[in-house]
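Chemist: Return a 3D structure for these sequence lines:
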Amino acid sequence: MVIVVLVAAAQLTGFFIVAHLHRAGAVTEMQKQLDRAADQLIRVVARRNDDLARGASALAFDDGLRGALASTRDRATLRSALNSFQGRVDAGLVALLSLDGELLAETRAAGAEFSGYRVLQQRADQSESARSTGYALVDGALYSLVAVPLQAPDIVAWIVVGFRLDAGFVATLKRETGVDIALEANGESLAATPSKGTDFEIVHRRLGLLQGSAVDVVLRYSRDEKLAPAREMERLLWVVFAGSVLVAALIAVAISRGVSEPVRTLAGFTQRIAVGDYAARVALARSDELGQLADSFNVMAAGLEERDRIRDLLEKNVSPEVAAQLLRDGGALGGEEREVTILFADLRGFTALSETQSPRELLALLNRYLEAMSAEIEARGGVIDKFIGDAIMALFGAPLGQEAAADRALNAAVGMREALERLNRTLATEGRPPLAFGIGINTARVVAGNIGSKRRLNYSVIGDGVNVASRLQSLTRVADYDATIITSHATVAALRAPNPFTLRPLGTAAVKGRQEPVTIYAL
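Modeler: This next block holds a predicted model:
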């Protein structure tokens, strides 16, 4: 779809640009054509005036005209001479004026007196070239007039010669320029070429008249005629546009079929990866970028599957918190000092129990016991540091800091005692002897971190406080204390007030490896 839209947009943009350029070029060319036609009209009139002026100058050699001028100035004789000259030069009208501007004779039929002759004669008399030209409306028709002197050899008279700008004139001009021409005066048409169509590019010119008014020259060029090639080009571009869009649509369908299916396959694969199905693999037998992407996905899935398997195995051997820290820190050796509460739990009579059961049965029973105890510890936020045979070492406050770590440890111990009672009731229904344990709890500042070698690590805590917790667990074997859970004064002091636990003071006890005795309590 995107490809089709892009192709369509590009084609439409190109179409409008080309169409605009063609139309703008056509309009510009029409304007130039009209300007050339206007210039051509002036040149044709000037050339015709020159021809008439040269012919008029030749009248000085006409014996009849000279004789009539020199003797009686008979109007009939003069007019006859002018009519003869008019026929020879194909003029529209000829007039003869005296030196003072009096009309001596003219070839036009009787009509209203025309004052333009005298204006031309005065202009010519004042001109260095002794010649003047102008436009005039004579008897409702437009004429171009030229006044020249009649010399024999001095100027004896002025002759005015003109030709009519009529329908024949504009028709001839249209054949030369291809432009329609109309001559109008006071809103009335004097001469015009027939025009086809209604849409025109128009240029106006004004011809000043000897009478003081003007004639409008309207030059028109049919836009339909001039824009026909441009419109033909536009039609061709529309065909090209439609063909391009169709081809783009077919290509887009082909590409989408070749791309969308692999993309959907990859999308489904990522969804399976997102829900943890790292065994999924993408099968795309392609050598292009999608095939390379599929191969990369498969490598990624294999890596995630391996990482998940390692994490799963790691979490089964250490607590999830320790596993997360090992994966995060990369298992670097070293540690940090922090205050933690250590819980040691030891199963009583395990050696005697092992003598009465097979190894398989003993292992199954031990796992049931450890499972029940671990659940209570982890439910309170504790971390199983390690299993030492039938013993459990748990931490509260490491590897992640915790609030009320001492409270959590004592709650875990109470929960373990209740879980053991539930387990013993189940064992009784199976005809098995009950189990018993002893728990020691101590709070101290220790060093927590990865201990071992570069090849084998174990997250644990070390310090005098760990030894004290282990020794307190051993004191639960002393009959005089009559206690299964013994905690140190340091743990009691770390409890959050108010203290919800029932504690029985046991006094002080000497702990192996310590010179100072430890104040202890039974929980």
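Chemist: Can you identify the element that follows the helix or strand where Ala372 lies toward the C-terminus?
Modeler: Using DSSP states H and E, Ala372 sits in helix 359-379. The helix or strand immediately downstream of helix 359-379 is strand 383-388, counting by DSSP H and E.
Chemist: now that following strand, how far from the chain's geometric center?
Modeler: Centroid separation between strand 383-388 and its chain, computed with CA atoms, centre = their mean, to the nearest Å, is 58 Å.
Chemist: Ok, stretch 128-143 next?
Modeler: In terms of CA atoms, centre = their mean, the centre of stretch 128-143 is found 69 Å from the chain centre.
Chemist: try stretch 382-389
Modeler: Distance of stretch 382-389 from its chain centroid, counting by CA atoms, centre = their mean, is 59 Å.
Chemist: Asp277 in helix, strand or coil?
Modeler: coil (DSSP: H, G, I helix; E, B strand; the rest coil).
Chemist: Measure how buried it is and give me the count.
Modeler: The local packing of Asp277 (other CB atoms under 10 Å) involves 13 other residues. Every C-beta, even on glycine, is put in place using the N, C-alpha and C of the backbone.
Chemist: That one and Gln271: what is the separation?
Modeler: Separation of Asp277 from Gln271 (CB to CB, to the nearest Å) stands at 9 Å.
Chemist: same check, this time on Val511
Modeler: Distance of Val511 to Gln271, computed by CB to CB: 58 Å.
Chemist: Those two: who's more crowded?
Modeler: Between Val511 and Gln271, counting by other CB under 10 Å, Val511 is the more crowded of the two (21 against 11).
Chemist: The more buried one against Ser488, yeah?
Modeler: No: applying CB atoms under 8 Å, one finds Val511 not in contact with Ser488, separated by 9.2 Å.
Chemist: Show me the common contact partners of the two, please.
Modeler: Val468, Leu472, Val518 (CB atoms under 8 Å, 6 or more residues apart in numbering).
Chemist: and the strand or helix carrying the second one, what does it pack onto?
Modeler: Secondary structure assigned from DSSP H and E places Leu472 in helix 464-475. Applying 3 or more CB pairs under 8 Å, 6 or more residues apart in numbering; DSSP states H and E, we find helix 464-475 packed against strand 334-348, strand 436-452, strand 485-488, strand 518-522.
Chemist: Please identify the most buried of these.
Modeler: Stretch with highest mean neighbour count among the helices and strands packed on helix 464-475: strand 485-488 (a mean of 27; mean count of other CB atoms under 10 Å).
Chemist: Residues contacting that strand, please?
Modeler: For strand 485-488, using CB under 8 Å, 6+ apart, the contacting residues are 410, 413-414, 417, 438-443, 468-469, 472-473, 475-476, 503, 506, 518-523.
Chemist: ok so, going back, who's in contact with the helix holding Leu472?
Modeler: 340, 342-346, 391, 438-446, 481, 483, 486-488, 490, 509, 511-514, 518, 520.
Chemist: what do you get for stretch 44-60?
Modeler: Applying CB under 8 Å, 6+ apart, the set of residues contacting stretch 44-60 is 65-66, 81, 85, 88-89, 91, 94, 131, 133, 144, 146, 148, 150-153, 159, 161-163, 165, 169, 173, 176.
Chemist: Narrow those to those that are buried.
Modeler: Using 16 or more other CB atoms under 10 Å as the burial test, these include 65-66, 81, 85, 89, 91, 94, 131, 133, 144, 146, 148, 150, 152, 159, 161-163, 165, 169, 173 as buried.
Chemist: hey, which helix or strand in the chain has the poorest pLDDT?
Modeler: helix 320-329 (a mean of 56; mean pLDDT, DSSP states H and E).
Chemist: From Ala372, how far out is Leu423?
Modeler: Separation of Leu423 from Ala372 (CB to CB) stands at 5 Å.
Chemist: I meant Arg131, not that one.
Modeler: Using CB to CB, Arg131 is found at 135 Å from Ala372.
Chemist: same question, Gly208
Modeler: Counting by CB to CB - Gly208 and Ala372 are separated by 123 Å.
Chemist: what about the two, which has more around it?
Modeler: Ala372 (18 against 11).
Chemist: gap between the more buried one and Ala379?
Modeler: 11 Å.
Chemist: can you check Arg54 too?
Modeler: For Arg54 relative to Ala379 (CB to CB), the value is 129 Å.
Chemist: list the contacts for Thr107?
Modeler: Contacts of Thr107 were listed using CB under 8 Å, 6+ apart, and they are Arg79, Leu82, Asn83, Gln86, Ala91, Leu93, Val94, Ala95.
Chemist: element containing the fourth one, please.
Modeler: By that I understand Gln86. Using DSSP H and E, Gln86 sits within helix 75-89.
Chemist: Just the C-alpha atoms of that helix, please, in CSV.
Modeler: C-alpha atoms of helix 75-89 as CSV (Å, rounded to 0.1, in the frame of the first residue of the first chain):
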residue,chain,number,x,y,z
ARG,A,75,-11.4,70.8,-58.7
ALA,A,76,-12.8,68.4,-61.4
THR,A,77,-9.4,68.3,-63.1
LEU,A,78,-7.6,67.9,-59.8
ARG,A,79,-9.9,65.1,-58.7
SER,A,80,-9.5,63.3,-62.0
ALA,A,81,-5.8,63.3,-61.5
LEU,A,82,-6.1,62.1,-58.0
ASN,A,83,-8.5,59.3,-59.0
SER,A,84,-6.0,58.2,-61.6
PHE,A,85,-3.3,58.1,-59.0
GLN,A,86,-5.5,56.3,-56.5
GLY,A,87,-6.0,53.5,-59.0
ARG,A,88,-2.3,53.2,-59.7
VAL,A,89,-1.2,52.8,-56.0
